[in-house]
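**Student:** one predicted model, sequence on top.
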Amino acid sequence: MESGNDPCKTLAKSNTRHKCAACFKQYKKREHLIAHMKISHHSVHQPKCGVCQKHCKSFESLREHLTGPLAKRTCSESFAERGCKFCMRIFDSPVFIDEHQEMCCLPAPAPLGTMEMTCTEYLIYDPPENIEYGNEAIAMDCEMVGGGSDGTLDLCVRVCLVDEGEKVIFHTYVLPPIPVTNYRYEITGIKESHLRDAMPLKEVQEKILQILYNGESIGIVRLNGGKARLLLGHGVQHDLDCLRMNYPDHLLRDTAKYPPLMKTNLVSHSLRYLARTHLGYDIQTGMHDPYEDSVSVMRLYKRLRSQKHQARQMDLLLASARSTPSSTNGYDWSYKETENMNPDELFDLSKPNYKCWCLD
């Protein structure tokens, strides 16, 4: 009598699920899991649940996992008892929460206000020559008024730069190259009198680049940065466009486009939302203040830069690379090469499609 196939074993094999080691999604076929790993860009740099260790694309998706209507019960209960609502960390004991959240919830920065200045009264700080900054970060924010016949063209009329110590290193009103047709006073607080003796745009450009280049040559700045400074902002490329300036992409850090700070659908959050959610205070409650916004951007950057991730060799290579990671996740991912790999080994092959700020 022929034995044939055992129907129980056949059924068990057909019910086998292939589970992603990062986000825990399950697939009926192994090739579907491999296809998922190819495009997911999972890595140790993604926000992660401190209970079940699930990796999430952003802090918003992690927040939904811990506090949303479909949150896993064990995770939500642990977070409610021992979790920080600002940094999303979960501690071993509830006794550490109060002390930690006092440090995690920061006071709002005091705004500069809308003082009137002449072009010779701009604020600029020249650090002592014996201080080595290396790749110190500089946060910048601009205030825009309207130009053009309908007032919808953004014109930068005020700019503020702060260092990592939250000290103003440059602040001035900017004389736009074309007439202002809408001062947007309710938002900017700027009137015609503020621009009467404002600094010409070309001079503003020169002074900002002098601060950012930090004495480095243009060639070195474009190649690997050298000792030039990182430029932070929220929508920083838009600010640069309005200032009619260029700065290398590998030296820009944008809180509006950093994946862990974006929405689950990869749309940018407002800076006001990020400050309230991650730093614990409100900004832009009335007129916008460039110092207040710059400091908030700097605080967000420093908090995420200080995260401790177990960087792998491929992450360090990514940090030093200037090119954009490929859509294939940096590996061949052919079925022949991966058919015998377990989910953990597949995860080890995956790498992020962005440079984590902890590598700065």
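**Tutor:** Done, it's in.
**Student:** show me the helices in the stretch 201-350 of the chain, by range?
**Tutor:** Assigned by DSSP state H, counting those that start in this stretch, the helices in the stretch 201-350 of the chain fall at 201-213, 218-223, 236-242, 271-274, 290-305, 313-320, 335-338, 343-349.
**Student:** got the CA coordinates for the fifth one in PDB?
**Tutor:** Spelled out, that is helix 290-305. Taking Å, rounded to 0.1, in the frame of the first residue of the first chain, the C-alpha atoms of helix 290-305 are listed here in PDB:
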ATOM      1  CA  PRO A 290      11.500  83.300  13.800                       C
ATOM      2  CA  TYR A 291      13.500  82.800  17.000                       C
ATOM      3  CA  GLU A 292      10.700  80.700  18.600                       C
ATOM      4  CA  ASP A 293      10.500  78.500  15.400                       C
ATOM      5  CA  SER A 294      14.300  78.200  15.000                       C
ATOM      6  CA  VAL A 295      14.800  77.100  18.600                       C
ATOM      7  CA  SER A 296      11.900  74.500  18.300                       C
ATOM      8  CA  VAL A 297      13.600  73.100  15.200                       C
ATOM      9  CA  MET A 298      16.900  72.900  17.000                       C
ATOM     10  CA  ARG A 299      15.400  71.100  20.000                       C
ATOM     11  CA  LEU A 300      13.700  68.600  17.800                       C
ATOM     12  CA  TYR A 301      16.900  67.900  15.900                       C
ATOM     13  CA  LYS A 302      19.000  67.600  19.100                       C
ATOM     14  CA  ARG A 303      16.500  65.200  20.700                       C
ATOM     15  CA  LEU A 304      16.400  62.900  17.700                       C
ATOM     16  CA  ARG A 305      20.200  63.100  17.200                       C
END
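**Student:** avg pLDDT for it?
**Tutor:** Mean pLDDT, computed over helix 290-305, is 97.
**Student:** in it, which residues are buried?
**Tutor:** Of the residues in helix 290-305, 290-301, 303-305 count as buried by neighbour count, 16 or more other CB atoms under 10 Å. For glycine as for every other residue, the C-beta is placed from the backbone atoms N, C-alpha and C.
**Student:** excluding its backbone neighbours, what's nearest Thr152?
**Tutor:** Nearest residue to Thr152 in three dimensions, chain neighbours excluded: Gly146, at 6.0 Å (CB to CB, 6 or more residues apart in numbering).
**Student:** the one you found reaches Val157, doesn't it?
**Tutor:** No. If you go by CB atoms under 8 Å, Gly146 and Val157 don't touch, sitting 10.1 Å apart.
**Student:** intersection of neighbour lists for these two?
**Tutor:** Val180 (CB atoms under 8 Å, 6 or more residues apart in numbering).
**Student:** so these two - more neighbours on which side?
**Tutor:** Set Gly146 next to Val157 and count neighbours by other CB atoms under 10 Å: Val157 wins out with 25 against 16.
**Student:** ok so that one is a helix residue?
**Tutor:** No. The assignment for Val157, made by DSSP: H, G, I helix; E, B strand; the rest coil, is strand rather than a helix.
**Student:** low pLDDT regions in the stretch 101-250 of the chain?
**Tutor:** In the predicted model, the stretch 101-250 of the chain carries pLDDT under 70 at residues 114-134.
**Student:** Ala139 falls within a strand, correct?
**Tutor:** Yes. Assignment of Ala139 by three-state DSSP places it within a strand.
**Student:** which residues of the stretch 101-250 of the chain fall in strands?
**Tutor:** Taking DSSP state E, counting those that start in this stretch, the strands of the stretch 101-250 of the chain run over residues 123-124, 137-147, 153-162, 168-175, 180-182, 199-200, 230-233.
**Student:** now render those strands as TSV, adding distance to Lys54.
**Tutor:** Conversion of these to TSV gives the following (distance: least, CB to CB, whole Å):
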stretch	distance to Lys54
strand 123-124	46
strand 137-147	31
strand 153-162	36
strand 168-175	41
strand 180-182	47
strand 199-200	51
strand 230-233	29
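**Student:** give me whichever of the helices of the stretch 201-350 of the chain is most buried.
**Tutor:** Stretch with highest mean neighbour count among the helices of the stretch 201-350 of the chain: helix 290-305 (a mean of 23; mean count of other CB atoms under 10 Å).
**Student:** one step back: right, and the helices of the stretch 201-350 of the chain - which one's nearest Val174?
**Tutor:** helix 201-213 (5.2 Å; CB to CB).
**Student:** and that closest one, what other elements does it pack with?
**Tutor:** Applying 3 or more CB pairs under 8 Å, 6 or more residues apart in numbering; DSSP states H and E, we find helix 201-213 packed against strand 137-147, strand 153-162, strand 168-175.
**Student:** Pro107: which of these is closest?
**Tutor:** Short answer: strand 153-162, nearest of these by CB to CB, at 15.7 Å.
**Student:** neighbouring strands of that closest one in the sheet, and parallel or not?
**Tutor:** Paired strands of strand 153-162, with direction, are strand 137-147 (antiparallel), strand 168-175 (antiparallel) (DSSP bridges).
**Student:** could you check the angle helix 290-305 makes with the shortest one?
**Tutor:** Meaning strand 168-175. Inter-element angle recorded for strand 168-175 and helix 290-305: 140 degrees (by axes from the mean of the first three to the mean of the last three CA atoms, to 10 degrees).
**Student:** please save the CA atoms from strand 168-175 in CSV.
**Tutor:** Output of strand 168-175 as CSV, limited to C-alpha atoms (Å, rounded to 0.1, in the frame of the first residue of the first chain):
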residue,chain,number,x,y,z
VAL,A,168,20.9,84.1,18.2
ILE,A,169,23.9,84.3,15.9
PHE,A,170,22.2,86.3,13.1
HIS,A,171,18.9,88.2,13.0
THR,A,172,17.8,90.9,10.6
TYR,A,173,15.0,92.3,8.5
VAL,A,174,15.5,91.7,4.8
LEU,A,175,14.8,94.2,2.0
